[in-house]
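Participant: need the 3D shape of this:
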Amino acid sequence: MSKYFGIWQSVIDIANDYGANYVTAAAWTQRGEIPRTHDFTTLRVIKARGFTTTPEELDRWHNAHKDFRAKLRNGSPEGDIVYPALPFRGLPGVEAAE
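Facilitator: Numbering: from 1, shown residues only. From the prediction side, this is the model:
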């Protein structure tokens, strides 16, 4: 499995796919989320890398991630804090790009 979001091997790969600078892409990986404002690009990029999701699944994941971060900030008991499963699936018959 790839190191970042289950898709990318490096931060620079993320930066290149999104046309972002390295510092921005690194901040996304530290936060554990590529912002919603990039969802259209995310849908295009993950398909090019051999994965799929839907806008609805991506939106549900963003909502779950928001709840996850709120629990971290509020000091919820450790057992209550579970990172939401990523909504990306490999496309059938397509080898994911690494």
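
Participant: next, residue 75: phi, psi?
Facilitator: Per-residue torsions, residue 75: phi 70, psi 40 (degrees, to the nearest 10).

Participant: the chain: helices as residue ranges?
Facilitator: For the chain, the helices defined by DSSP state H occupy 11-18, 22-31, 39-48, 55-74.

Participant: residue 62 versus residue 37, what's the distance?
Facilitator: As for residue 37, its distance to residue 62 is 11 Å (criterion: Cβ to Cβ, to the nearest Å). Heads up, the C-betas are built off the backbone N, CA and C, glycines and all.

Participant: I meant residue 70, not that one.
Facilitator: 13 Å.

Participant: who has more neighbours out of the two?
Facilitator: residue 62 (17 against 11; other Cβ atoms under 10 Å).

Participant: for the spatially closest residue to that one that is not a sequence neighbour, report the pLDDT, please.
Facilitator: Here the nearest residue to residue 62 in space, its sequence neighbours aside, is residue 36; by Cβ to Cβ, 6 or more residues apart in numbering that works out to 5.3 Å. If you check residue 36, the pLDDT there is 94.

Participant: residue 36 touches residue 63, doesn't it?
Facilitator: No. Residue 36 is beyond contact range of residue 63, at 9.8 Å (criterion: Cβ atoms under 8 Å).

Participant: who has more neighbours, these two?
Facilitator: Neighbours were counted for residue 36 and for residue 63 using other Cβ under 10 Å; residue 36 has more, 15 against 12.

Participant: any stretches of the chain with poor pLDDT?
Facilitator: Confidence mapping of the chain against pLDDT under 70 gives the ranges 1-2, 78-79, 81, 83, 91-98.

Participant: now do residue 11 against residue 29, distance only.
Facilitator: Per Cβ to Cβ, residue 11 is found 6 Å from residue 29.

Participant: name the residues contacting each of those two.
Facilitator: residue 4 (Cβ atoms under 8 Å, 6 or more residues apart in numbering).

Participant: of these two, who's got more company?
Facilitator: Taking neighbours as other Cβ under 10 Å, residue 11 and residue 29 compare with residue 11 leading, 20 against 16.
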